[in-house]
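>>> model this:
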Amino acid sequence: QVQLVESGGGLVQPGGSLRLSCAASGFTFSSYVMSWYRRAPGKERELVATITSPGGTTNYADSMKGRFIISRDNAKKTVYLQMNSLKPEDTAVYYCNIRTLGVNYWGQGTQVTVSS
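Predicted structure coming up:
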């Protein structure tokens, strides 16, 4: 079955960086668009970034453009989210996602807290 396991979250000061990872299994990783979403306290889940395969075309939410970079390693079945210039409003639980046959699959999420 599909499994997505996120890691790499933590506490970071404003202006700092974190790199999230999502290890995938149970499906043909190289055939799917992979996405990162986040849910901030009291808010709905929102799309952060997507990356296609093959090709690696990326797309970002406006507030993340220029600060976040999504990438993937198909050999390792892993998708990454490099987050730079972090702001307190980036505090959220970050989730890895695939959507197939109309079904969304999610990992358990990893908490990112940006605070001094």
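>>> ok, now which ones touch the spatially closest residue to residue 78 that is not a sequence neighbour?
Among residues not flanking residue 78 along the chain, residue 23 sits closest, at 5.3 Å (Cβ to Cβ, 6 or more residues apart in numbering). Quick note: C-beta positions are derived from backbone N, CA and C, even for glycine. By Cβ atoms under 8 Å, 6 or more residues apart in numbering, the contact list for residue 23 reads 4, 5, 7, 76, 77, 78.
>>> my read is the second one is in a helix, agree?
In this case it means residue 5. No. Per DSSP: H, G, I helix; E, B strand; the rest coil, residue 5 lies outside any helix segment and is strand.
>>> How much space separates the residue nearest to it when sequence neighbours are not counted from residue 30?
If the residues on either side of it in the chain are set aside, residue 5 comes closest to residue 23, at 4.8 Å by Cβ to Cβ, 6+ apart. According to Cβ to Cβ, to the nearest Å, residue 23 stands 14 Å off from residue 30.
>>> Repeat that for residue 6.
19 Å.
>>> neighbour-wise, which of these two wins?
For residue 6 versus residue 30, neighbours defined as other Cβ atoms under 10 Å are more numerous around residue 6 (22 against 11).
>>> Thought residue 94 was touching the more buried one, still the case?
Yes. Under the criterion of Cβ atoms under 8 Å, residue 6 makes contact with residue 94 at 6.5 Å.
>>> what is in contact with these two at once?
Joint contacts of residue 6 and residue 94 (Cβ under 8 Å, 6+ apart) are 20, 109, 110.
>>> Name the next helix or strand following the host helix or strand of residue 81 along the chain.
Per DSSP states H and E, residue 81 falls inside strand 78-83. Using DSSP H and E, the helix or strand that follows strand 78-83 towards the C-terminus is strand 92-100.
>>> ok, and what's touching that following strand?
Under Cβ under 8 Å, 6+ apart, the answer for strand 92-100 is 2, 4-6, 9, 20, 22, 24, 27, 32-41, 43, 45, 48, 79, 81, 104-107, 109-112.
>>> What average pLDDT does it get?
What strand 92-100 shows for mean pLDDT is 96.
>>> by contact count, what packs against the following helix or strand past it?
Heading C-terminal from strand 92-100, the first helix or strand you meet, by DSSP H and E, is strand 103-106. Here strand 103-106 touches strand 92-100, going by 3 or more Cβ pairs under 8 Å, 6 or more residues apart in numbering; DSSP states H and E.
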